[in-house]
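**Student:** Provide a 3D model corresponding to the input given below.
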Amino acid sequence: MGSHRSRRSFVGAAATAGVGFLIVPRHVLGRGFRPPSDRLNIAAIGAGGKGMFNLTQAWNGGAENISVLCDVDDRQSAEARRKWPSARYYKDYRRMLEAEARNIDAVIVSTPDHMHYVQTLAAMQLGKHVYTEKPLAHDIWEARQLTEAEQRYRVVTQMGNQGSSGDDTRKVEAWIQQGLIGEVRRVHVWTNRPTWPQGVPTPTGDFPVPAGLDWELWLGTAPRRPYHPSFLPAIWRGWWDFGTGSLGDMGCHFMDVPFRALRLGYPESVECSVGSVYTGFFQEANFPDSCPPSSKIHIHFPAREGMPPTEMIWYDGGIQPPRPDALLPDEPMGETDGGILFEGSRGMVMAGLFGRNPTLLPTSLMKEAVLPKPVRPLVPGSWDGHQKQWTDACKQGWGAYTSSPFSMAGPLTETVLMGNLAIRSWMHREASGDSYRNPGRKKLMWDGKEMRITNFEPANRFVRREYRRF
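**Tutor:** Here you go, the predicted structure:
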């Protein structure tokens, strides 16, 4: 690179463009020479909320070193800075990666969804192991790029769907894959989300940016707009520019179980319906910036690996599947957060979040059935050990086992985001100019290899978004 172009600008541009660049040799970056017994030097991009939880779990009581913190909001990062006062602190992840490339071994990304891809890729391009919160990316194209980047940069990866490390998930996989309930042609997945506002108008008004928040950096790749308290913290999940709605929030937790158990790959089609909002009699509102208040999504998968074609149905916003006859009247269906229900040719399996408490239906069968034993490796501490599993793997290096590497998490995230592609196509009124005959409300046929809807071109605008330079 010429001296006129800084590493900071190059890292930012390369990550935003989604292209690779020449990796600086390991001896220059100063990484790769510590024996496995040494502590990892971990940097955090996003140090508040979920970031604080991820850091605490990875730190493991001091087994690893939290050496660098980065957050655009001093208020959110305050607790982490008190807990690890010796950690160097930055607000811009690009400055952090530029300054700390020699000093860090691994990066935890716990920022809003719209920043996952550019921050994760920038760390991978520097040869850093990465742990990225779910969903792995904001759109399907980004998820595919990160899946491929794992192989290109040969770093240890993990997505933050900690249920993938849980023992119950392993049990469900074994039960389904070893034929306990026969062939599964339909699985229902539901959640109580959203637990934040969705289906609401875009907020207006003039509000000062709070002290300690860099609003320009928080917006990052998203379109520029004035600060409003309706966007953060956490409630960004319900706005398309920043989050991925109920599906993005919980889909990587709930759908992970059937995705693994049924060995699902690219879907072949998707269709949906969404909850409407009315501002008057027959006056249906259109709030294109906000995710809908509820949705039901049908994702269809072809036959694969000896398994029949399968339909996965997603429900959110209070919608649930029909209660199975095999469930007694007073027995709960799923859990408070939601549930999973596999319909097999010889029975049913019901489970909660992370596949918790898997149960044969009718439940009386649990007393007499011979249950297959899990095959996939058990993570010590079950899903509470998800972050530690990643740090242990980082010390072992490329090829070490993690429960949710990008090779698994990327395709899962693509499936989750297929639901959002259908939802946004439904909501995309200008495609037809008629809210009651919107062609987005058809079954969308998907070419997974090419990442393309083949029968409704306007839907393809939601495969890959455009970035704002910042």
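
**Student:** okay, and the helix or strand of the chain with the least pLDDT?
**Tutor:** Taking mean pLDDT, DSSP states H and E as the measure, the chain has helix 26-29 as its least confident helix or strand, at a mean of 39.

**Student:** which stretches of the stretch 101-250 of the chain form strands?
**Tutor:** Secondary structure of the stretch 101-250 of the chain by DSSP state E, counting those that start in this stretch: the strands cover 106-109, 129-132, 157-159, 184-191.

**Student:** same check, this time on the stretch 251-400 of the chain
**Tutor:** 269-274, 278-280, 283-284, 295-301, 310-316, 338-344, 347-351, 359-361.

**Student:** what packs against the fourth one?
**Tutor:** Of the remaining helices and strands, those touching strand 295-301 by 3 or more C-beta pairs under 8 Å, 6 or more residues apart in numbering; DSSP states H and E are helix 245-254, strand 269-274, strand 310-316, helix 406-427. For glycine as for every other residue, the C-beta is placed from the backbone atoms N, C-alpha and C.

**Student:** got JSON lines for the ones you listed, with distance to Arg152 and mean pLDDT too?
**Tutor:** JSON lines is the format used below for the helices and strands packed on strand 295-301 (distance: least, C-beta to C-beta, whole Å; pLDDT from 0 to 100):
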{"stretch": "helix 245-254", "distance to Arg152": "23", "mean pLDDT": "97"}
{"stretch": "strand 269-274", "distance to Arg152": "29", "mean pLDDT": "95"}
{"stretch": "strand 310-316", "distance to Arg152": "30", "mean pLDDT": "98"}
{"stretch": "helix 406-427", "distance to Arg152": "11", "mean pLDDT": "96"}
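
**Student:** okay, the ones you listed in TSV with mean neighbour count and distance to Val109 next?
**Tutor:** Listed next are the helices and strands packed on strand 295-301 as TSV, based on neighbours: other C-beta atoms under 10 Å; distance: least, C-beta to C-beta, whole Å:
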stretch	mean neighbour count	distance to Val109
helix 245-254	27	14
strand 269-274	21	27
strand 310-316	22	25
helix 406-427	26	12
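
**Student:** distance to Asn41 added to those, as TSV?
**Tutor:** Converted to TSV, these look like this (distance: least, C-beta to C-beta, whole Å):
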stretch	distance to Asn41
helix 245-254	28
strand 269-274	42
strand 310-316	39
helix 406-427	22
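
**Student:** nearest to Leu136 among those would be which one?
**Tutor:** helix 406-427 (4.2 Å; C-beta to C-beta).

**Student:** what strands line up against whatever helix or strand comes next after that closest one, and which way round?
**Tutor:** Using DSSP states H and E, the next helix or strand after helix 406-427 towards the C-terminus is strand 444-447. Partner strands for strand 444-447, per DSSP bridges, with pairing direction: strand 269-274 (antiparallel), strand 452-453 (antiparallel).

**Student:** let me see the mean pLDDT of the shortest one.
**Tutor:** The predicted model assigns strand 452-453 a mean pLDDT of 97.

**Student:** what's the answer for stretch 138-146, then?
**Tutor:** Computed over stretch 138-146, the mean pLDDT rounds to 98.

**Student:** distance between that stretch and the chain's centre?
**Tutor:** 11 Å (C-alpha atoms, centre = their mean, to the nearest Å).

**Student:** again with stretch 411-425
**Tutor:** Taking C-alpha atoms, centre = their mean, one finds stretch 411-425 lying 11 Å from the centre of the chain it belongs to.

**Student:** give me phi/psi at Pro223?
**Tutor:** When read as degrees, to the nearest 10, the backbone of Pro223 gives phi -60, psi 150.

**Student:** count the residues that sit near it.
**Tutor:** Applying other C-beta atoms under 10 Å, we find 11 residues neighbouring Pro223.

**Student:** I figured it hits Asp241, correct?
**Tutor:** Yes - if you go by C-beta atoms under 8 Å, Pro223 and Asp241 touch, sitting 6.0 Å apart.

**Student:** next, work out how far apart Arg346 and Phe242 are.
**Tutor:** From Arg346 over to Phe242 the distance is 44 Å, taken as C-beta to C-beta, to the nearest Å.

**Student:** show me how the chain divides into domains.
**Tutor:** Split into domains by automatic domain parsing, the chain comes to 7-163+386-406, 165-376+413-462.

**Student:** do me a favour and get the end-to-end distance for the last one?
**Tutor:** Think domain 165-376+413-462. 31 Å (C-alpha to C-alpha, to the nearest Å).

**Student:** state the distance from Gln162 to Ile140.
**Tutor:** Using C-beta to C-beta, Gln162 is found at 23 Å from Ile140.

**Student:** residues touching the residue most central in space within the chain, list them.
**Tutor:** Centrality entry for the chain: nearest residue to the mean C-alpha point is Pro135, 1.0 Å, by C-alpha atoms, centre = their mean. With contact taken as C-beta atoms under 8 Å, 6 or more residues apart in numbering, Pro135 is in contact with Asp113, His116, Ala143, Met159, Thr244, Gly248, Gly251, Cys252, Thr413, Val416, Leu417.
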